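> predicted structure and sequence below. I'll ask about it afterward.
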Amino acid sequence: MHLPDYKEARTRDKREYKRVEYSFSDDIKNKYIGKKFHLKTYGCQMNEHDSENIEALLIALGFSKVDDYLDADLVLLNTCSIRENAHNKAFGMLGRLKHRKQEKKDLIVGLCGCMAQEASVVEEIMRDYKFVNFVFGTHNMYQLPEIIDRAIEENKQQIEVYSREGDLVEGLPVVRANNYKAYVNIIYGCNKFCTYCIVPYTRGMERSREKEDILKEVDELIKDGYKEITLLGQNVNAYGKDLYDDYTLGDLLEEIALKDIPRVRFMTSHPWDFTDRMIEVIGKYKNIMPSVHLPVQSGSSRILKLMGRRYTKESYLELFNKIKEVVPGVSISTDIIVGFPGETEEDFLETLDLVNKCKYDNAFTFIFSKREGTPACKLDDPVSLKEKEERLQRLNEVVNKYFLENNKKLEGKVVPVLVEGVSDKKNMYFGYSDTNKLINFESDREIEVGSIVNVEITSAKTWSLDGREVK
Ligand code: 5AD
Ligand code: SF4
């Protein structure tokens, strides 16, 4: 048994970690043939991609996938800790599973992902959710087959959570959710320790994958006909810093852009590490999509300081304007938190002012959520939830206005769209533009999902655009 510990999770030092090649133990391969699993994923793209590995490991154990948890012999929740509501959703599902287990006594229930890294969650599970068969952490994913096998064989709750990252495991099997777009991890963890954020504790120290491993994965995806890859990391802009003297995300992006892949994306970027070299590379290559996610969090320099974000409103705006200047037609999206402890009406007005300057193409807006163990959790927080909700609403009204305004500029223009699906209506399809906008369009021919087609925009809405295919 290994229990999580935040003190340990917080430590950062120059440690050597080994790169190890994964191999699946032959003893348990296909051992559970005939059994069914249901995997529920909460949270970000990182979790979605982890679930693609988890699914492959479960399949190697012999399990087959079902969409309804009521049909499953094993239910696994891949959880998220970022805000309290993600937490509550997972605990809500555990409540339903407790009930389900009364009907189906041999149901196996597991929890993994970020919540597994939280000591308070694991304590609660050990105390009040004894029916949960196993818990494993983000650094223990590769041990999943052995943990599940032990949980079943020994019929005893298994808790395997390393607080410190171990080896960097390459070669995990993967079942990708799509056959035309794929996620590729380039860096794990985060060293930024923004004061509100739990990620540095749940995902550990920044560790870059070796560039050869990344390029090999990209080559395989190209060979398999993939059209779009998204390079993933909590902070992709820190790529390479822990591994190389002079090889950065700009270099990696350039090397990938020179390959025969139509679309390259990357997320998420921290403004702190955004170099001129990166901006230049994004602007230079047509297959690096002109779409940047650049979380600002707040427009008040005072709050940014309390958040530990390492930039001011002014320096953020400078970077924002540079990207807009150098990358033609770029769309920029952001994340914003309202109601950080001590945020005054003046601070909030600074955020609105910044939004009015940046006119974002998309924005994810949140009310500050206290995360136990983070420094912001201890700050005085006099503003009421009601007031925070009002601020969120005021903010949303402003950001939405700009989504529509930006989308309107595309009316009459022709944009490339990667087709992701067919809608219920005849001859109607949907997909995403190069600037990452959702496009619903009609065509008089049959189009294969995964094709890239040209679409003339006929009308703009706040969260999507309508159009028709042009040849
Ligand atoms: N409360 C509210 N929002 C948060 N985020 C991260 N931590 C918190 C928190 N404690 C938001 C940030 C981040 C996004 C992924 O989630 O905006 O960019
Ligand atoms: Fe969290 Fe900040 Fe790291 Fe993003 S950069 S994961 S907000 S600590």
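That came in fine, so what should we check first? Residues are numbered from 1 along each chain as shown. Ligands and ions are numbered 1, 2, ... in the order given.

> where do the helices sit along this protein?
6-10, 45-60, 84-103, 119-128, 144-154, 199-203, 211-223, 249-257, 276-284, 301-307, 313-326, 345-358, 385-408 (DSSP state H).

> name all residues that make contact with Glu55.
Each residue near Glu55 by C-beta atoms under 8 Å, 6 or more residues apart in numbering is listed here: 39, 65, 175. For every residue, glycine as well, the C-beta is placed using N, CA and C.

> can you tell me which of the residues you listed are up against ligand 1?
Among the contacts of Glu55, proximity to ligand 1 is found for none (C-beta under 6 Å from any ligand atom).

> which of these lies closest to ligand 1?
For these, the closest approach to ligand 1 (C-beta to the nearest ligand atom) belongs to Leu39, at 21.8 Å.

> show me what the closest one bridges to in the sheet.
With DSSP bridges applied, Leu39 shows beta-bridge pairing to Leu76.

> how near is it to His49?
Note on Leu39: its distance to His49, by C-beta to C-beta, to the nearest Å, is 13 Å.

> for this protein, give me the ranges with low pLDDT.
15 (pLDDT under 70).

> got the residues of it near ligand 2?
Residues of the chain lying close to ligand 2 by C-beta under 6 Å from any ligand atom are 190, 192-194, 197, 199-200, 234-235, 270.

> in a markdown table: those residues, plus neighbour count and distance to Thr365.
Below are those laid out as a markdown table (neighbours: other C-beta atoms under 10 Å; distance: C-beta to C-beta, whole Å):
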| residue | neighbour count | distance to Thr365 |
| --- | --- | --- |
| Cys190 | 22 | 21 |
| Lys192 | 18 | 20 |
| Phe193 | 14 | 22 |
| Cys194 | 21 | 16 |
| Cys197 | 22 | 16 |
| Val199 | 22 | 18 |
| Pro200 | 21 | 22 |
| Gln234 | 23 | 20 |
| Asn235 | 23 | 20 |
| His270 | 20 | 18 |
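
> and these near ligand 1, which?
Answer for the residues of the chain next to ligand 2 near ligand 1 (C-beta under 6 Å from any ligand atom): Cys197.

> most tightly packed of the helices of the chain?
Highest mean neighbour count among these (mean count of other C-beta atoms under 10 Å): helix 199-203, with a mean of 24.

> who's in contact with Ala60?
24, 29-30, 145, 173.

> repeat that for Tyr142.
Per C-beta under 8 Å, 6+ apart, neighbours of Tyr142: 22, 57, 169, 172.

> at 10 Å what do you get?
Residues near Tyr142 by C-beta atoms under 10 Å, 6 or more residues apart in numbering: 20, 22-24, 53, 57, 136, 166-167, 169-172.

> distance check, it against ligand 1.
25 Å (C-beta to the nearest ligand atom, to the nearest Å).

> for the protein, what lies in contact range of ligand 1?
So the chain meets ligand 1 at 82-83, 196-197, 295, 297, 335, 337, 366, 368-369, 371 (C-beta under 6 Å from any ligand atom).

> just the contacts of Tyr142 now: which is nearest Ile452?
Asn53 (27.4 Å; C-beta to C-beta).

> where's the closest one relative to Ile336, distance?
Asn53 is 31 Å from Ile336, by C-beta to C-beta.

> wait, isn't Ile452 in contact with Ile439?
No. With contacts counted by C-beta atoms under 10 Å, Ile452 stays clear of Ile439, the gap being 11.7 Å.
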